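> Next comes the sequence, and after it the predicted model I'd like to discuss.
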Amino acid sequence: MQAWKDYQQQHEDRFLQELLELLRIPSVSARTEHKEDMKKCAEAVRKSLLNAGADKAEIFDTAGHPIVYGEKIIDPSKPTVLVYGHYDVQPADPLELWHSGPFEPVIKDGKIYARGSADDKGQFYMHVKALEIMIKTDSLPTNIKFCIEGEEEIGSPNLAKFVSSNTDLLKADVVLISDTAMISLDTPSVDIGVRGLSYIEVEVTAANRDLHSGVYGGAVANPITILAQMIASCHDANNHITIPGFYDDVVEATAEERKLMSNAPYNESAYKKDLGVEELWGEKGYTTNERTGIRPTIEVNGIWGGYTGEGAKTVLPSKAFAKISARLVPNQSSVTITEKLINYFKTIAPPGVTVKAEEHHGGEPYMTPLNSPGYIAAAKAIESSFGKKPIPVRGGGSIPICSLFEKELGIKIVFMGFGLDSDNLHSPNEKFELKNFYKGIETIPYFHKYFAEAK
């Protein structure tokens, strides 16, 4: 639609400046010191929806951080699209590895460098601007609702209560999410699924206090050593997970799906060069794309204990800690896997130490049917703006709320992300390509057009 493109070109600079202002707010949901920043960001999102032309936009308080709801209803008889996103971001640590301030956005080489640029402020803001374009060009074909939360990065602990208490408010025909990646602008793709998540923390205790490593070393268990051994036991020589029952409920990808995934371009040398590694690591019998999409994994997200300050201190520590996450695939349950993880670490603990393990948060895996109206509309939208049919792929990340939306609202979820796997999500120097930001804004109106036609 030429009117969409003309309006976007006329206002692209403003669109970008508005996003940069949003990125300057340090909306880190995991840190209590950013509580006021979270409120400030929620208010900024609310105002952006109203400025874009929403009929109403309001902030709903929760036991944690606020949720922003907005809507534009043109005709109750027309289909309704519920856009989900999140305005909270990951902590920026380690700060010394950033090339520029994480909340001082910098545009360099056609990329926006800032925490939240791709995950997820830049991506949900594409929908805000797409709404403005369709309203200003009098071409909005669907009703649109927005649910932009502030706790996705900490597991969305209060979203379930909000959704279950507001099913009429959130009633829609499909949920549209841009919080995923595509292969590239040259090879567009659509995620047909995301993995689930089980996240635990383990604490191993030996002596009742830190000890002198010369006086007591060799006589008392070192909890760091024990914890390292326990973690190492989670994989065998083929990098297959050894926890009893871990794979019991895994639905194996079909040969047809694996063949479809193999159509995605993959350059192993470039992949390794980008990551700065000499060799890749993973479960034997699967390709890299399969390991990060169709297979479950276990990773250590952090491990600490003892003395880590400057200089040396010969100490035998009393405690050791680790944060451990598992990515899950259909038909695995986060509740079941969390229980297996906790039981495993408690069961294999040797005499001389005690183990405490507890859950942080979790979420279920989700798959989008290829024959659903939402997926078909997304594929047609991308083909219209990119000139190429997208490749269906499975994303390696997790969006814990997907199964919640389907359960409470009875509708399917469609993932239409415009980030890249190389955008340094959750890492220093997170970035979002300007081309991808603008291409997303260009593509989203096509989704509404084709979804309205399908319904």
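All right, it came through fine.
> Could you say which helix or strand holds residue 20?
helix 2-23 (DSSP states H and E).
> What are the buried residues along that helix?
4, 7-8, 11, 15-16, 18-20, 22-23 (16 or more other Cβ atoms under 10 Å). C-beta coordinates here come from the backbone N, C-alpha and C atoms, glycine included.
> Kindly report the same for stretch 256-265.
The neighbour-count check on stretch 256-265 (16+ other Cβ under 10 Å) flags 257-258, 260-261, 264 as buried.
> would you list every one of the helices in the stretch 301-450 of the chain?
334-347, 373-386, 402-409, 434-454 (DSSP state H, counting those that start in this stretch).
> Ok, which of those comes nearest residue 186?
Evaluated with Cβ to Cβ, these place helix 373-386 nearest to residue 186, the distance being 8.8 Å.
> And the average pLDDT for that closest one is what?
Here helix 373-386 scores 97 as its mean pLDDT.
> Check which helices and strands it sits against.
Judged by 3 or more Cβ pairs under 8 Å, 6 or more residues apart in numbering; DSSP states H and E, the packing partners of helix 373-386 are strand 174-177, strand 189-194, strand 413-415, helix 434-454.
> pLDDT averaged over stretch 168-185 - what is it?
Here the average pLDDT along stretch 168-185 is 96.
> What's the end-to-end length of that stretch?
37 Å (Cα to Cα, to the nearest Å).
> cool, stretch 22-42 as well?
Stretch 22-42 stretches 10 Å from its first residue to its last (Cα to Cα).
> buried residues in it?
For stretch 22-42, by 16+ other Cβ under 10 Å, it's 22-23, 25-29, 34, 37-39, 41-42.
> just so I know, which of the helices of the stretch 301-450 of the chain lies nearest residue 215?
Set against residue 215 and scored by Cβ to Cβ, those come closest in helix 334-347, at 28.9 Å.
> Packing partners of the closest one?
The elements that helix 334-347 packs onto, with contact taken as 3+ Cβ pairs under 8 Å, 6+ apart, are strand 196-205, strand 319-328, strand 354-363.
> Out of those, the one nearest residue 165 is which?
For the helices and strands packed on helix 334-347, distance to residue 165 was read as Cβ to Cβ. The smallest value, 19.7 Å, belongs to strand 354-363.
> Does that closest one pack against any helices or strands, and if so which?
On a contact count with 3+ Cβ pairs under 8 Å, 6+ apart, strand 354-363 meets strand 196-205, helix 334-347.
> Break this protein down into its structural domains.
Domain ranges of the chain: 2-194+365-454, 196-250+296-363, per automatic domain parsing.
> tell me the two of the buried residues of helix 2-23 that are most distant?
The widest separation within those (Cβ to Cβ) is 24.6 Å, between 4 and 23.
> related to what we said a few turns ago, need the winner for burial among the helices and strands packed on strand 354-363.
strand 196-205 (a mean of 22; mean count of other Cβ atoms under 10 Å).
> Just checking: what are the partner strands of it?
strand 319-328 (antiparallel), strand 354-363 (antiparallel) (DSSP bridges).
> need the buried residues of stretch 256-265 in TSV with pLDDT and distance to residue 134, can you?
Below are the buried residues of stretch 256-265 laid out as TSV (pLDDT from 0 to 100; distance: Cβ to Cβ, whole Å):
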residue	pLDDT	distance to residue 134
257	82	35
258	86	39
260	79	33
261	79	34
264	85	31
